[in-house]
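K.L.:
got a predicted structure plus its sequence, pasted below:
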Amino acid sequence: MDIEADGPIPGDYSMLSFGLAVAGVYDGSEFRATDPDEETFYAELRPIGDRFDPKALAVSGLDRDVLLRDGRDPAEAMTEAAAWVRGVGSELDAMPVFVAYPLSFDWMWMYWYFIRYAATGSPFGHSRCLDMKTMYSVKSGAVLSRSTKRYMPKHLLSKRPHTHNALDDAVEQAELCQQLMTWRGRRES
């Protein structure tokens, strides 16, 4: 899961795009990876206000003027995304869990947009989420400040580039999730 926004917080600023990709299913004892390219959802949204931070906007490379004209209505996109998440969960006979790296930024935006715009609210409830940065910290024994991709063993990282296209980065993060879910941690380093 990944989002691109034009500022630091939802409401005052706008989420411009988001991408969702399925990493796999965990049944409590075994993780079964899926092809993260197979089940995806992507949307570019119409901004919800006039305020934006040019530096944040530059990261995504998205054009606000184009999105104001051609971006999807947030209510339509979030309602469709919520239905997609629930549908994939049903197909896989699994409860959807929101996974991101780092979780705090992406969760804040997606939860706010789901609650504000989706007709059915958040398909992840208010807390069904997992932070891969924390997962790495716990499994590796590293302090959180050294639980960044720069310090992770290369075999855990996706081979895909981090492009700041929300769908590309969601697929990249799904691959990182797969590696972390099956990695035994410091015993395996």
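P.N.:
That came in fine, so what should we check first?
K.L.:
the lowest-mean-pLDDT helix or strand in the chain - contacts with which helices or strands?
P.N.:
When each helix and strand of the chain is scored by mean pLDDT, DSSP states H and E, helix 54-60 comes last, with a mean of 93. Secondary structure elements in contact with helix 54-60, counted by 3 or more CB pairs under 8 Å, 6 or more residues apart in numbering; DSSP states H and E, are strand 2-5, strand 15-21. Where C-beta positions appear, they are placed from N, C-alpha and C, glycine not excepted.
K.L.:
quick one: the strands in this structure?
P.N.:
Along the chain, the stretches classed as strands by DSSP state E are 2-5, 15-21, 24-26, 31-33, 40-44, 98-100, 129-131.
K.L.:
okay, those in TSV with distance to Ala82, mean neighbour count and mean pLDDT next?
P.N.:
Converted to TSV, those look like this (distance: least, CB to CB, whole Å; neighbours: other CB atoms under 10 Å; pLDDT from 0 to 100):
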stretch	distance to Ala82	mean neighbour count	mean pLDDT
strand 2-5	15	26	97
strand 15-21	10	25	98
strand 24-26	19	17	97
strand 31-33	24	15	96
strand 40-44	10	19	98
strand 98-100	12	24	97
strand 129-131	15	18	97
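K.L.:
got any ranges where the protein has weak pLDDT?
P.N.:
Counting by pLDDT under 70, the chain shows low-confidence ranges at 187-189.
K.L.:
with adjacent residues omitted, what lies nearest to the most centrally placed residue in the chain?
P.N.:
Centroid-nearest residue in the chain: Met1, 1.7 Å away (criterion: CA atoms, centre = their mean). Nearest residue to Met1 in three dimensions, chain neighbours excluded: Ala100, at 4.7 Å (CB to CB, 6 or more residues apart in numbering).
K.L.:
just Phe41 next, same as before
P.N.:
The shortest distance from Phe41 to any residue that is not its chain neighbour, by CB to CB, 6+ apart, is 4.3 Å, and that residue is Leu20.
K.L.:
does the one you found really touch Thr40, like I thought?
P.N.:
Yes: if you go by CB atoms under 8 Å, Leu20 and Thr40 touch, sitting 6.4 Å apart.
K.L.:
quick one: the helices in the protein?
P.N.:
With DSSP state H applied, the chain shows helices at 54-60, 64-70, 74-91, 103-117, 132-140, 166-182, listed in chain order.
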